[in-house]
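Participant: Turn this into a structure:
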Amino acid sequence: MARAIATILLMAIVLVAAMQAVSSVDITDTDLASEKSLWALYDRWCEHHSVARGLGEKARRFSVFKENARMVHKFNHGGAPYKLSLNLFGDMTDEEVDDGYGRCSSPLPNSAKQSQDRVTHGVLAARDNYPIYVDWRMTGYDQRPSAVTNVKMQRGCGACWAFAATAAVEGINSIRTRKLVSLSAQQLIDCDKESGGCKGGNPVLAFKYMIDHGGISTEADYPYFADDHGYCLVPKRKDPIVTIDGFKEVPPKDEVALLQAVAAQPVVVGIDTKTFRRYGGGVFVGPCGTNQTHSMTVVGYGTTDETDPIDYWIIKNSWGPKWGEDGYIRMARGVNGGTEGLCGILMGGASYPVKN
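Facilitator: Numbering: from 1, shown residues only. Sure thing, here's the model as predicted:
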């Protein structure tokens with residue numbers, strides 16, 4: 001009985017946490033009524049996101065901003081189960097968002113695929129027994145701390161692959177050691193020479209780097225710079241340094257396998273982000289492509305509590321806490337027959353670190 005009550009409470013907490021969306025700049029019909037009111041809306045947006053623009057730049061950006069505002073407002077009155085937002089990309093074009101934030105995950109080179117068996121401890125065998133709800137952001141479950149650190153911001157550096165990889169390692173390290181430690185994405189950017197730093201990389205290569213080089217530094221010891229230093233600055237060995245023993249792949253086009261993996265720990269996935277740049281909350285249901293140019297970390301899954309429930313993934317991004325639902329997106333699962341998955345999440349490349 002006590003176990004059942006605890007399970008119900010856990011489910012309730014997960015649902016509340018999942019529905020919590022970040023505060024954003026709301027849009028009303030009045031805001032769109034005139035150039036003057038649109039300028040006032042733009043000023044509010046700049047203040048909310050701490051954006052400073054010169055006069056010339058601001059005038060140019062305003063034309064982009066007002067088109068985005070109109071598009072967001074129109075979409076949000078269309079009855080979709082998710083909302084768009086004037087988020088941090090409010091005065092940026094889609095191409096600018098993709099160039100600065102979205103195109104940051106590269107396929108594995110052939111050389112890495114050939115040597116992969118040496119560092120891979122097999123693949124996950126899918127099973128049918130997995131929990132109904134999982135949220136690794138929670139504390140206290142199974143007498144452990146959270147397995148997810150704060151949402152980070154890659155800014156203009158194309159390092160989503162490094163943030164996704166460190167988030168997965170932070171997760172398994174917390175699960176195994178009961179200590180949540182924020183790890184250095186910057187070390188991967190500077191020191192993983194098989195990846196391309198701010199020009200993009202691959203989380204599997206990041207795992208391989210950590211295995212080959214005895215672990216990774218904490219973020220405190222090797223802080224984020226949002227650019228390539230041009231050389232590796234690994235400090236002299238300090239404790240704690242976090243190590244992993246290997247990594248595993250999730251079989252492609254197998255939703256049950258991904259569910260089973262996420263039930264055990266946070267998992268890195270490749271996703272097509274083009275259609276949710278301006279996501280603001282709710283369960284994203286598409287439409288979406290399958291071009292996996294962005295790496296993110298799945299930290300849980302669940303089902304909405306409504307008349308027509310929607311199954312979803314809980315995914316951590318690296319676009320800061322003012323994007324989406326406090327930096328996360330809930331994305332529909334059980335889509336496309338469980339083979340491709342929404343936005344290509346099941347197309348391959350999902351992986352997670354092993355720590356004994």
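Participant: Please list all residues in contact with the nearest residue to Gly196 once chain neighbours are set aside.
Facilitator: Distances taken as CB to CB, 6 or more residues apart in numbering put Ser106 closest to Gly196, at 6.6 Å, once the chain neighbours are dropped. Bear in mind the C-beta positions are built from the backbone N, C-alpha and C, glycine included. Ser106 makes contacts with 161, 195-196, 200-202, as judged by CB atoms under 8 Å, 6 or more residues apart in numbering.
Participant: ok, now Pro353?
Facilitator: So Pro353 contacts 165, 168-169, 172, 207, 210, 244, 246-247 (CB under 8 Å, 6+ apart).
Participant: quick one: the nearest residue to Leu346 once chain neighbours are set aside and Ser182, what's the gap?
Facilitator: Counting by CB to CB, 6+ apart, Leu346 lies nearest to Lys253, which is 5.4 Å off, once chain neighbours are set aside. In this structure, Lys253 lies at 33 Å from Ser182, with CB to CB, to the nearest Å as the measure.
Participant: Tell me how many other residues crowd Thr139.
Facilitator: If you count neighbours by other CB atoms under 10 Å, Thr139 ends up with 11.
Participant: Next, it: secondary structure please.
Facilitator: coil (DSSP: H, G, I helix; E, B strand; the rest coil).
Participant: thought it was touching Ser174?
Facilitator: No: using CB atoms under 8 Å, Thr139 is not in contact with Ser174, being 10.2 Å away.
Participant: overlap in contacts of those two?
Facilitator: Common contacts of Thr139 and Ser174 (CB under 8 Å, 6+ apart): 145-146.
Participant: Pick out the residue nearest the middle of the protein.
Facilitator: Asn317 (2.1 Å; CA atoms, centre = their mean).
Participant: separation between that one and Ala167?
Facilitator: Distance from Asn317 to Ala167, by CB to CB: 10 Å.
Participant: Please enumerate the helices of the chain.
Facilitator: 2-19, 35-48, 55-75, 94-97, 110-114, 160-177, 185-191, 203-212, 255-264 (DSSP state H).
Participant: Which one of the ones you listed has the poorest average confidence?
Facilitator: With a mean of 41, helix 2-19 has the lowest mean pLDDT of those.
Participant: Could you pull out the buried residues of stretch 226-240?
Facilitator: For stretch 226-240, burial by neighbour count (16 or more other CB atoms under 10 Å) applies to Val234.
Participant: Check stretch 134-153 too.
Facilitator: 134-138, 141, 144, 146-149, 151-153.
Participant: In the sheet, which strands lie alongside the longest strand anywhere in the chain, parallel or antiparallel?
Facilitator: If you go by DSSP state E, the chain has its longest strand at strand 294-303. Sheet pairing of strand 294-303 (DSSP bridges) gives strand 134-135 (antiparallel), strand 267-271 (antiparallel), strand 311-316 (antiparallel).
Participant: quick one, that strand and helix 255-264 angle?
Facilitator: Strand 294-303 runs at 90 degrees relative to helix 255-264, counting by axes from the mean of the first three to the mean of the last three CA atoms, to 10 degrees.
Participant: Identify each buried residue in strand 294-303, please.
Facilitator: 294-303.
Participant: what residues are up against the residue lying closest to Ala167 once chain neighbours are set aside?
Facilitator: Nearest residue to Ala167 in three dimensions, chain neighbours excluded: Thr297, at 4.1 Å (CB to CB, 6+ apart). For Thr297, the contacting residues are 163-164, 167-168, 171, 266-269, 315-316, by CB under 8 Å, 6+ apart.
Participant: Repeat that for Cys343.
Facilitator: If you count contacts by CB under 8 Å, 6+ apart, Cys343 has them with 271-273, 275-276, 286, 288-290, 331.
Participant: and which of the residues you listed is nearest to Asp99?
Facilitator: Comparing the contacts of Cys343 against Asp99 with CB to CB places Thr273 closest, at 12.4 Å.
Participant: I'd like to know how far the closest one sits from Arg176.
Facilitator: From Thr273 to Arg176 the distance is 30 Å (CB to CB).
Participant: before we move on, what about Gly79?
Facilitator: Distance, Gly79 to Arg176, using CB to CB: 44 Å.
Participant: and what of Ser146?
Facilitator: Ser146 is 14 Å from Arg176, where distance means CB to CB.
Participant: same deal with Lys74?
Facilitator: According to CB to CB, Lys74 stands 48 Å off from Arg176.
Participant: partner residues bridging the closest residue to Arg333 other than its chain neighbours?
Facilitator: Distance criterion CB to CB, 6+ apart; nearest residue to Arg333, sequence neighbours excluded, is Asp311 at 4.7 Å. Beta-bridge partners recorded for Asp311 (DSSP bridges): Thr303.
Participant: Can you name the residues that contact Asp311?
Facilitator: 301-303, 332-334.
Participant: same thing but at 7 Å, please
Facilitator: 303, 332-334 (CB atoms under 7 Å, 6 or more residues apart in numbering).
Participant: Of these, just the buried ones, PyMOL syntax please.
Facilitator: Typed into PyMOL, the line below selects the buried ones among the contacts of Asp311, using 16+ other CB under 10 Å:
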select buried, resi 303+332+333
